[in-house]
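*Asks:* Got a sequence here, can you model it:
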Amino acid sequence: MSQTVQATEREKLRHSPTLNTILMVEETLRKSGELLTLAELKRRLPKQVMHRTLIQILDYLQVGGKILIGTKGILWIFTERKELNDLIKRGTEI
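*Replies:* Next up is the predicted model:
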């Protein structure tokens with residue numbers, strides 16, 4: 001493996017988010033219930049997160065269908081199955 005490839009791999013590992021960090025970002029987005037800009041999300045997080053790490057987490061959450069990232073901000077869209085069942089029982093269209 002060349003030195004540049006090894007350096008790139010080390011850089012990726014340095015910014016890999018931990019499970020606790022991912023859960024912290026998820027919880028902050030879920031509880032906000034509103035559209036947040038990236039800057040606002042960073043302010044609301046209980047701990048600072050490196051920008052690159054936060055971007056990786058947001059990409060992961062978007063691919064997983066938990067958030068939408070648009071030009072105006074980030075929005076939590078994931079609905080727990082229990083909540084969905086309650087909505088179905090009440091006859092609410094979604």
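*Asks:* contacts, neighbours, all on C-alpha from now
*Replies:* Fine.
*Asks:* Would you agree Met24 is in contact with Leu45?
*Replies:* Yes. Between Met24 and Leu45 a contact is recorded at 7.3 Å, counting by CA atoms under 8 Å.
*Asks:* which element follows the helix or strand of the chain with the lowest mean pLDDT toward the C-terminus?
*Replies:* In the chain, the helix or strand scored least confidently by mean pLDDT, DSSP states H and E is helix 3-14, which has a mean of 61. Next in sequence after helix 3-14, counting helices and strands by DSSP states H and E, comes helix 19-32.
*Asks:* Any chance you could list what contacts the next helix or strand after that following helix?
*Replies:* Toward the C-terminus, helix 19-32 is succeeded by helix 38-44 as the next helix or strand (DSSP H and E). Residues outside helix 38-44 that contact it (CA atoms under 8 Å, 6 or more residues apart in numbering): 28-29, 48-49, 73-74.
*Asks:* if we go to 10 Å?
*Replies:* Applying CA atoms under 10 Å, 6 or more residues apart in numbering, the contact partners of helix 38-44 are 25, 28-29, 32, 35-37, 48-51, 54-55, 58, 69, 72-74.
*Asks:* tell me the contacts of the residue nearest to the spatial centre of the chain?
*Replies:* In the chain, the centroid-proximal residue (CA atoms, centre = their mean) is Leu58; its distance is 3.7 Å. Neighbouring residues of Leu58 by CA under 10 Å, 6+ apart: 22, 25-26, 38, 52, 64, 66-69, 74.
*Asks:* Which of those sits closest to Gly91?
*Replies:* Lys66 (23.2 Å; CA to CA).
*Asks:* In space, what's closest to that closest one - neighbours in sequence excluded?
*Replies:* Once flanking residues are discounted, Lys66 sits nearest to Phe78: 4.4 Å by CA to CA, 6 or more residues apart in numbering.
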